[in-house]
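S.K.: okay, here's the prediction I keep looking at, along with the sequence it came from:
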Amino acid sequence: MIAILHLLAQNFAVMTVVFVLLWLVNVAIKDPSFIDSWWALGLATYAWLSFLTVGQTGDHARWLTMLCTAWGLRLGFHLLWRWRKDGPDRRYATMMAHARTERGWGQAVASLLLVFALQMPLQFIVSLPVQLGQLGGPAPLSFVGWAGVGLAIFGILFESIGDSQLVSFKANPANAGKVLQTGLWRYTRHPNYFGDACAWWGLWLISAEAGFGLWTLVGPVLITVLLTRWSGVPTVEGNMRRRRPDYEGYIQRTSGFIPMPPKKVPAGETSI
């Protein structure tokens with residue numbers, strides 16, 4: 001128990017300093033949009049902080065660190081590239097504007113309370129599998145652990161392919177105002193979020209086999225809730241419904257999260 005508390009307290013302290021520094025960067029540039037990339041990169045950082053602190057060379061520690069690093073670097077740099085390409089995220093711009101007009105908060109206070117102070121504890125909770133799973137000892141992976149490795153790799157690939165297909169679709173001027181409905185997007189409206197969830201449930205299985213299942217279950221549960229009920233699907237779909245006339249039909253044909261064959265909707269049978 002002492003080792004667990006020491007690891008968690010040390011990691012939380014280090015990441016608190018990082019979040020303060022990132023908040024100061026945001027204050028200087030007046031844009032918190034880059035925090036999305038740090039969500040992924042920070043989770044990988046938690047894995048490495050734990051790996052280096054524990055000094056564990058067992059299979060569970062190595063796989064947790066390698067897989068979380070692969071997931072975090074891929075997604076983190078993708079989101080950083082998207083921010084540099086597209087500029088400030090409209091979600092954060094709207095949030096800062098509402099805080100200024102409705103509460104009288106300046107950008108520094110609004111970004112601290114509504115973005116950084118919120119994401120830091122959420123990131124800490126989601127990262128529990130890759131923190132505590134490092135304490136599992138030198139035992140080799142067995143069936144549950146290997147299932148977790150497979151699920152995590154599947155999730156990373158699924159998410160990466162979905163993001164790549166979306167980037168290619170948006171790069172074609174002929175697709176302006178249209179909805180991507182091919183590739184993985186034919187079977188789920190959110191292949192990136194589904195892949196995310198699979199990756200973290202896979203990491204949890206590895207951690208669970210190391211003996212920390214119940215301790216870290218809140219991590220994959222929380223990220224699944226965030227993706228499907230809060231900052232992921234609801235935000236994207238609300239925006240798409242307003243901006244893409246074809247999106248209602250897409251919703252009726254296509255699974256919202258778990259990939260499934262598209263439904264056949266008779267012509268004219270649409271609802272709002």
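M.R.: Cool, the structure landed. Numbering: from 1, shown residues only.

S.K.: switch to C-alpha atoms for all contacts and neighbour counts from now on
M.R.: Fine.

S.K.: in this structure residue 214 contacts residue 204, no?
M.R.: No - Residue 214 sits out of contact with residue 204 when judged by Cα atoms under 8 Å, with a separation of 9.8 Å.

S.K.: and the two? which has more neighbours close in?
M.R.: Ranked by neighbour count (other Cα atoms under 10 Å), residue 214 and residue 204 place residue 204 first, with 32 against 11.

S.K.: once you drop chain neighbours, what's closest to that one?
M.R.: The shortest distance from residue 204 to any non-neighbouring residue, by Cα to Cα, 6 or more residues apart in numbering, is to residue 129 (5.3 Å).

S.K.: tally of neighbours for that neighbour?
M.R.: Counted with other Cα under 10 Å, residue 129 comes out at 31.

S.K.: residue 84 too?
M.R.: By other Cα under 10 Å, the residues close to residue 84 number 11.

S.K.: just the pLDDT for it.
M.R.: pLDDT for residue 84: 93.

S.K.: rewinding a little: and the residue nearest to residue 204, what helix or strand is that in?
M.R.: Element membership for residue 129, per DSSP states H and E: helix 128-132.

S.K.: now the helix or strand following that helix, how far from the centre of its chain.
M.R.: Counting by DSSP H and E, the next helix or strand C-terminal to helix 128-132 is helix 143-171. Taking Cα atoms, centre = their mean, to the nearest Å, the mean C-alpha location of helix 143-171 is offset from the chain mean by 12 Å.

S.K.: from the contact counts, what lies against helix 143-171?
M.R.: Here helix 143-171 touches helix 59-86, helix 191-207, going by 3 or more Cα pairs under 8 Å, 6 or more residues apart in numbering; DSSP states H and E.

S.K.: give me the low-pLDDT residue ranges for the stretch 51-200 of the chain?
M.R.: Across the stretch 51-200 of the chain, the ranges flagged by pLDDT under 70 are 56.

S.K.: at 80 instead, please
M.R.: For the stretch 51-200 of the chain, the stretches with pLDDT under 80 are 56-57.
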